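[1] need a 3D model of the following:
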Amino acid sequence: MLPISKMVRFFETVDEEWTSPVADTIAKCWDGHTGLVRCIRASANYVFHVQGEETSAILRFNHTDERKLKFIEAEIDVLRCLLDRGYPVNQPIPSRANRWVETVETELGSFHAVMFTKLPGDHIELGEMTEAQLLRWGKALGELHCAAQGCPLDGRPSLIECLSGVRSNLGDTTPQLLGRLDKLLRQMETLPPAEGTCGLIHYDFELDNLCWCGGRPAALDFDDCCTGKFVADIAYALRDLSDDRLGTPQPDDPRFDSFMKGYRTARSLPDSELELLPFFSRIHHMLSYVRLTTSLDGAPPDGEPEWASSLRRRLAAKRDELYTLLST
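    A predicted model of the protein is given here:
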């Protein structure tokens, strides 16, 4: 999640038509995409729809101090590898200078930016899914785990590196959570190895990041992809299946059963791996807590817009809920 203070500064440049001179400046780095550039959302990234003369695309950018260039370049390498292997993902578009990632100076500072083709199709809500779609969703994740084998992953972090990296964000004011984090790290380091259970994980394979066309989902938003246990991808993708506060998918849920049947048509996974679902749910809670804390970035300033104050209240409530979960 982007820091709210930076979001406020950015949205001061966005007009009633959801256009921004900052986004216009960045989009001009790409040929044929200098038409209407309109904001879609701002969460982990600033995301704009770009209408070209004949096609439309998606522009995504972040401040240079929020994402490392090498991580973004490695993400693009993964996408290109998956496309070469026939896996449906959003295709990166090279800039005028024939670069996959552009670093652009603007009135709000420096941004790393990428542009992708806009995937065709629609999003499906969890409550609307048929059993056939649940099977296909699971199969799509299993196919991804298979297709990514052998793709260049050197520039992407491991899940344990992601978890280790948040330690400094906790500071010294939460010794209880520091202890929980250290315990999670020790447990992850001692997980028994199992052949065929680790590799590239999308780590946000939820329905919002899938576009369905012709009965098959295509995946987008690989900016959190990393290497780790495949079951971590399953835990995160299916967290909304849980009816409890822990957000752990339950194996006795028929929707979970359908998803896993689909997954296993593409890739095998032993039942012993599914016993790790609660553990990886807790890891997700820890990472989410730190991200929310970073987004809240201290006390609200005087004169903060109401939309930002409302967002701050919602994120603070979620952060406090996660703190309670992690402390028990």
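
[2] grab the nearest non-local neighbour of residue 24.
    Spatial nearest neighbour of residue 24, chain neighbours left out: residue 37 (5.4 Å); criterion: Cβ to Cβ, 6 or more residues apart in numbering. Glycine gets a C-beta too; all of them are placed from N, C-alpha and C.

[3] same question, residue 174
    Residue 174 sits nearest to residue 323 (Cβ to Cβ, 6+ apart), 8.0 Å away.

[4] again with residue 268
    Spatially, and ignoring its direct neighbours in sequence, residue 268 is nearest to residue 196 (6.9 Å; Cβ to Cβ, 6+ apart).

[5] ok, now residue 67?
    Per Cβ to Cβ, 6+ apart, closest to residue 67 is residue 112, 6.0 Å.

[6] for residue 298, give me the pLDDT.
    Confidence at residue 298, expressed as pLDDT, is 74.

[7] make sure I have this right: it is in a strand.
    No: read with DSSP: H, G, I helix; E, B strand; the rest coil, residue 298 is coil and lies in no strand.

[8] what is the neighbour count of it?
    9 (other Cβ atoms under 10 Å).

[9] still on that earlier bit, which residues touch the residue nearest to residue 24?
    19-20, 23-24, 27, 48-51, 59 (Cβ atoms under 8 Å, 6 or more residues apart in numbering).

[10] go with 7 Å
    Residue 37 is in contact with 19, 23-24, 27, 48, 50, 59, counting by Cβ atoms under 7 Å, 6 or more residues apart in numbering.

[11] show residues contacting stretch 92-112.
    9-10, 13, 22, 25-26, 29-31, 57, 61-64, 67, 69, 72-73, 76, 79-80, 113-117.

[12] try stretch 262-272
    Looking at what lies outside stretch 262-272 - Cβ under 7 Å, 6+ apart - the contacts are 134-139, 141-143, 145-146, 194, 196-197, 230.

[13] for stretch 212-219, same thing?
    By Cβ under 7 Å, 6+ apart, stretch 212-219 touches 88-89, 119-122, 124, 136-137, 140, 144, 202, 205, 209-211.

[14] and the residues you listed, which of them are in helices?
    136-137, 140, 144 (DSSP state H).

[15] buried sites along the helix or strand of the chain with the lowest mean pLDDT?
    Least confident helix or strand, the chain: helix 167-170 with a mean of 83, by mean pLDDT, DSSP states H and E. Buried residues in helix 167-170, counted by 16 or more other Cβ atoms under 10 Å: residue 170.

[16] list the contacts of it.
    With contacts defined as Cβ under 7 Å, 6+ apart, helix 167-170 is touched by 177-178, 181, 290, 293-294.

[17] which among those count as buried?
    177, 181, 290, 293.

[18] next, give me the two most distant ones among those residues.
    181 and 293 (12.7 Å; Cβ to Cβ).

[19] tell me, how many residues neighbour the residue nearest to residue 143 when sequence neighbours are not counted?
    What sits nearest to residue 143 in space, not counting adjacent residues and going by Cβ to Cβ, 6+ apart, is residue 266, at 4.6 Å. By other Cβ under 10 Å, 17 other residues sit near residue 266.

[20] tell me the pLDDT at residue 266?
    So residue 266 comes in at 97 (pLDDT).

[21] could you measure from it over to residue 174?
    Applying Cβ to Cβ, to the nearest Å, the value for residue 266 to residue 174 is 40 Å.

[22] what ranges do the helices span in the stretch 51-200 of the chain?
    Ranges of helices within the stretch 51-200 of the chain are 69-84, 131-147, 159-165, 167-170, 175-189, based on DSSP state H, counting those that start in this stretch.

[23] bridged to residue 219, which residues?
    Note on residue 219: beta-bridge partners by DSSP bridges are residue 89, residue 210.

[24] residue 223 contacts residue 74, correct?
    No: with contact defined as Cβ atoms under 7 Å, residue 223 does not reach residue 74; the gap is 10.6 Å.

[25] which one of those two is surrounded by more residues?
    residue 74 (20 against 17).

[26] what are the ranges of the helices in the stretch 201-328 of the chain?
    Using DSSP H, counting those that start in this stretch, helices in the stretch 201-328 of the chain cover 230-237, 254-266, 271-274, 277-296, 306-327.

[27] compare those and give me the one nearest residue 42.
    Smallest distance to residue 42 across the helices of the stretch 201-328 of the chain (Cβ to Cβ): 10.1 Å, for helix 306-327.

[28] please name every helix or strand in contact with the closest one.
    Here helix 306-327 touches helix 4-11, helix 175-189, helix 277-296, going by 3 or more Cβ pairs under 7 Å, 6 or more residues apart in numbering; DSSP states H and E.

[29] can I get it in CSV, CA atoms only?
    The C-alpha coordinates for helix 306-327 follow below in CSV (Å, rounded to 0.1, in the frame of the first residue of the first chain):
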residue,chain,number,x,y,z
GLU,A,306,-11.6,13.7,4.1
TRP,A,307,-11.0,10.8,1.6
ALA,A,308,-7.5,10.4,3.0
SER,A,309,-8.7,10.6,6.6
SER,A,310,-11.4,8.0,5.9
LEU,A,311,-8.9,5.7,4.2
ARG,A,312,-6.5,6.2,7.1
ARG,A,313,-9.2,5.1,9.6
ARG,A,314,-10.0,2.0,7.6
LEU,A,315,-6.4,1.0,7.3
ALA,A,316,-5.7,1.7,11.0
ALA,A,317,-8.6,-0.5,12.0
LYS,A,318,-7.3,-3.3,9.8
ARG,A,319,-3.8,-2.8,11.2
ASP,A,320,-5.0,-3.0,14.7
GLU,A,321,-7.0,-6.2,13.9
LEU,A,322,-3.8,-7.8,12.5
TYR,A,323,-1.9,-6.7,15.6
THR,A,324,-4.3,-8.5,17.8
LEU,A,325,-4.1,-11.6,15.7
LEU,A,326,-0.3,-11.6,15.6
SER,A,327,-0.1,-11.0,19.3
